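Student: Got a predicted structure here, sequence first:
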Amino acid sequence: MKLVEMGFAKLDALEAVKAVGKSCGDAVEYLLKRTGGFSSASSLCSAKNNSNKTLGKRSLPSSFASGSMRQSSLLDHFGSVDKNKKKCVSFGTAVVSDPSEEMRKSPPLVFTESSGCSEGSSTWEISVNSILRNRFGISSLKSFQREALSTWVAHKDCLVLAATGSGKSLCFQIPALLTGKVVVVISPLISLMHDQCLKLSTHKVSACFLGSGQLDNRIEQKAMQGMYQIIYVCPETVIRLIKPLQKLAKTHGIALFAIDEAHCVSKWGHDFRPDYRKLSMLRENFCASSLAFLEYDVPIMALTATATAHVQEDILDSLHLSKETKTVLTSFFRPNLQFSVKHSRTKSAASYAKDFQNLIDLYSGKRKATGKKLAVISQGSEGQSDFGYHDAENIHETDNDDDDEEDPENSVAKQNSSNGKEMSEEYLEDETDIFQSVDDWDVACGEFCAMSPCDVLDIPDPSGKQTPDESGHNHSNKAKNLEGPTIIYVPTRKESVNVAKYLSGIGLKAAAYNAKLPKKHLRQVHQEFHEDKLQVVVATIAFGMGIDKKNVRKIIHYGWPQSLEAYYQEAGRAGRDGELAECVLYANLSRVPTLLPSRRSKEQTEQAYKMLSDCFRYGMNTSQCRAKILVEYFGEDFTSKKCNLCDVCTKGPPEQVNVREEANLLFQVISAFHAENSSEHASCQDYGLGNSKQKKLSDKPNLFFFINRIREQSKKFMEIDRLWWKGLARIMEAEGYIKEMDNKSRRVEIAFIEPTEKGRKQLALEDDKPLYVYPEADMLVSLRQRRTYSGFSSWGKGWADPEIRRQRLETMKRPRERKPRRERSRQQQRSFFFAFTPIFRQRRRAIEKLKLVNEALVAAEENVARLQERHDVILKEICSYYLVNSELQEALVAARADIDVASGFVIELRRLQLNILNSLS
Ligand SMILES: Nc1ncnc2c1ncn2[C@@H]1O[C@H](COP(=O)(O)OP(=O)(O)OP(=O)(O)O)[C@@H](O)[C@H]1O
Ligand SMILES: [Mg+2]
């Protein structure tokens, strides 16, 4: 039976048992010898190794070029699932029982490999295919999986780069089933290890996970005795267990070390974990040269879906992988994901209402369809959840709801309500989850038996899902799938709670997930999400990596992500069943994103700015296919020109505009400034960029300085929003007409500008040719919200009315009432500290200046009014004469001239006021 499960034909298995007896290991050896053994993968693995480690645009393996491994299409990306796949138990139903019993009954196999090539499918591939069919309900390997496995068969290290959801896990799970030796998988999160162990148990594979917290010694000991086929372990613990693992390698055999989510190794990646860097010890401690009993080094396989060329290099170097390491590349393209970017302020309940309307309609429509009506919140509800999830008790349904699936005893809401009100304050801190701890749940370790309780008890699949067909598509379930769950990613913990509260307030089944929430709550949210009990999870980056739920239909990023790697990793949670899924980024396109606080070295800060800047440019893009930008970001050549799904492909780019005049003017102002200052100043330090004390910010050659100069020079451009100029400056920088002059500090956007030679040639000389560009997203936003010069702020507007003016001046003079001292939250402490920073002092000075300007403006406007009165009196007098009175005529002209001068002064003051207001915002 064991042999059949491993994929051998029944007749062959019987023959082997007849020939060598009942020992499984001997029978396998007999069968393999009879069929010619393993084929060496060396032919596949040689020569390409180092050539694939190139920076910049990556060259795909030759199999790509030859056409056998082309860019994935919707079908082949999720292809090859067997129709006869057995039903699997969904999350949380696996019984944790002692797997040692089973393991004792069937001792681990010793898989003897022999080298030598064979034509067509090699023996190991035949065995793998049967394992796939029998255990996983999958009909065949994907080409990248085959390549990764053949590298492992050849005892070589391997770096696997494949899209999210493409099936990297199988690459390291198969070796355990093929050899009977143990596979050790290093993984960054308990939640991820738990999910994978649970899935394996449904495929009859015994597995355990070991975190870094207080472990159950029993499980660890059993793991070190080879009782589990796969051991998931965090980096810290695997380093501690080096000696026991060496013993395990001797007694039982270790087939492979797999380093999942390997981008965590790299300082240049988006989710660096310092402990991952220590994994270089694996290569040193498990090689044939240091362990006499090993014939070959234990292979190491590193896997990730989000590594740029730079990060790939760093992974290979940091893990000290052997020189022969093979890089297995597949396309990063996810052909069923529909990317789009939308403008939103993303902060207030008003934006929530606008932005989540579709989501609310979708889920409330679903509720109506199932006989329920949209829920309304109980205003004074005692048990209202602090983390956003309301169960039936907390919501007054307008209709009786008797088919509620949730168990109120165990629901997240019930648990939350018991935590009390005081908890919400603690979790509402406006902090971010940057370094996610390995132990993200309240369990440190666990074990999963190989038998699925479904198989034993014949329980139907609780999710009611049907098995996907050969192409991986679940057509009969299409309607249901389109209503799958949504994950909303927000930057801060506070927002995760706020948005979840808002959505559950509307009646959606939504819950918050961030690293500061109680670990028990997190585990429960995770479980209910997998069981389809939750419609929406509102999460920080704490919820994401590796989550493999087939029917996630929508990923919403609500606020700027910190990098495209993080964005693509999180977006990759969607559409893992191959069906169409939506990935929307809502971001404030009129604001430049900021780097979230974290401990970084100078180099890391620079890199973080670079990544954030790339992400910002992705948001600003209006003319290029989004999938193309994302895929090319990872160094891949995007062969098809467009994805035909994203907002740019479907709506088309905006109409091009001729910016010749504006670009020339901006360039002239910049050039003139630098020409004026070139004799006095030699370097950018002299502009005060190196030393902030040297010059005032307003005198530095930044964009706003130049915009003000343009406004002073030309009334025509007075009304153009600075957002529009910012977009234009970005386009001019991308074209190489202007460049950043302060190379010391990195920023998301160009800050201090100087002209380039190319700009001098192409802008200064060709000033009559039209210069057509696609307006970027912020330029479009500025055109949509175009305001008149005097209407920039409602505060500024009111000054025209003498009564409002009087009241405002009155309040400005009145000393502020001191608020009683109270305990400061961490957020407030940060603001308090911020009060002593140079930026804050500049702001204070600007506010003081603004007060003076306002007062002068009031006086100047009063002066204009007085002069106007005088003018009117003269005019009246002239009208009372029948004959022309030249004296009065002259007085009238003089009065008009006085009014013009005084009005000019008012305009100057208003302009000054506007500049200060702009600098303050
Ligand atoms: N050869 C295959 N044919 C069909 N489906 C497959 C194949 N290999 C894996 N899958 C399925 O693909 C899904 C995603 O697999 P997996 O979780 O390993 O993705 P991943 O590449 O690790 O993604 P991520 O980078 O997001 O962690 C699984 O549900 C798995 O059953
Ligand atoms: Mg994975």
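Tutor: Looks like it came in fine. Worth saying up front: this structure is predicted, and the values here are computed from it rather than measured. Ligands and ions are numbered 1, 2, ... in the order given.

Student: surely A856 meets E908?
Tutor: No: using Cβ atoms under 8 Å, A856 is not in contact with E908; the gap is 9.7 Å. To be clear about C-beta, it is placed using only N, CA and C from the backbone, and glycine gets the same treatment.

Student: Count residues in the vicinity of E284, would you?
Tutor: Other residues near E284 number 11, with proximity taken as other Cβ atoms under 10 Å.

Student: Helix or strand: which one has the residue nearest to L612 when sequence neighbours are not counted?
Tutor: The shortest distance from L612 to any residue that is not its chain neighbour, by Cβ to Cβ, 6 or more residues apart in numbering, is 5.4 Å, and that residue is V748. Applying DSSP states H and E as the criterion places V748 outside every helix and strand.

Student: my guess is V748 meets S613, correct?
Tutor: Yes: the pair V748 / S613 is scored as a contact, 4.7 Å apart, by Cβ under 8 Å.

Student: Contact partners for the residue in the stretch 101-250 of the chain positioned nearest to ligand 1?
Tutor: Relative to ligand 1, the nearest point of the stretch 101-250 of the chain is G167 (2.5 Å; Cβ to the nearest ligand atom). Going by Cβ atoms under 8 Å, 6 or more residues apart in numbering, G167 touches K142, Q145.

Student: circling back: give me the neighbour count for the residue nearest to L612.
Tutor: As a measure of burial, V748 has 19 neighbours, counting by other Cβ under 10 Å.

Student: Next: K651.
Tutor: 10.

Student: Then N644?
Tutor: Applying the criterion other Cβ under 10 Å, we find 12 residues in the vicinity of N644.

Student: tell me which element the residue nearest to it when sequence neighbours are not counted falls in.
Tutor: Counting by Cβ to Cβ, 6+ apart, the nearest residue to N644 once its immediate chain neighbours are dropped is T650, at 7.4 Å. Secondary structure assignment for T650, by DSSP H and E: helix 647-651.

Student: how near is whichever residue of the stretch 751-900 of the chain sits closest to ligand 1 to E570?
Tutor: For the stretch 751-900 of the chain and ligand 1, the shortest gap (Cβ to the nearest ligand atom) falls at A777, measuring 28.2 Å. A777 sits 21 Å away from E570, going by Cβ to Cβ, to the nearest Å.

Student: which residues sit against the helix or strand hosting L665?
Tutor: L665 belongs to helix 660-678 when elements are defined using DSSP H and E. By Cβ under 8 Å, 6+ apart, the residues outside helix 660-678 that reach it are 686-687, 701, 705-706, 709-710, 713-714, 717, 720, 725, 728-729, 732, 737-738, 753-755, 759-760, 763-764, 767-771.

Student: Which members of those are positioned in helices?
Tutor: Judged by DSSP state H, these include F705, F706, R709, I710, Q713, W725, L728, A729, M732, G759 as members of helices.

Student: May I ask which of those residues comes out lowest in pLDDT?
Tutor: Going through the ones in helices among the contacts of helix 660-678 one by one, the lowest pLDDT turns up at Q713, 78.

Student: Distance of the residue nearest to that residue when sequence neighbours are not counted relative to ligand 1?
Tutor: Spatial nearest neighbour of Q713, excluding adjacent residues (Cβ to Cβ, 6+ apart): V669 at 7.5 Å. According to Cβ to the nearest ligand atom, to the nearest Å, V669 and ligand 1 sit 49 Å apart.

Student: Report pLDDT for V669.
Tutor: Taken from the predicted model, the pLDDT recorded for V669 is 89.

Student: Contact residues of the stretch 551-700 of the chain facing ligand 1?
Tutor: Remark: the part of the stretch 551-700 of the chain in contact with ligand 1 comprises G572, R576, using Cβ under 6 Å from any ligand atom.

Student: show me the contacts for the closest residue to ligand 1 within the stretch 551-700 of the chain.
Tutor: Here the residue of the stretch 551-700 of the chain nearest ligand 1 is G572; by Cβ to the nearest ligand atom that distance is 4.9 Å. Listed by Cβ under 8 Å, 6+ apart, the contact partners of G572 are A163, T164, G165, A305, T306, R334, L337.
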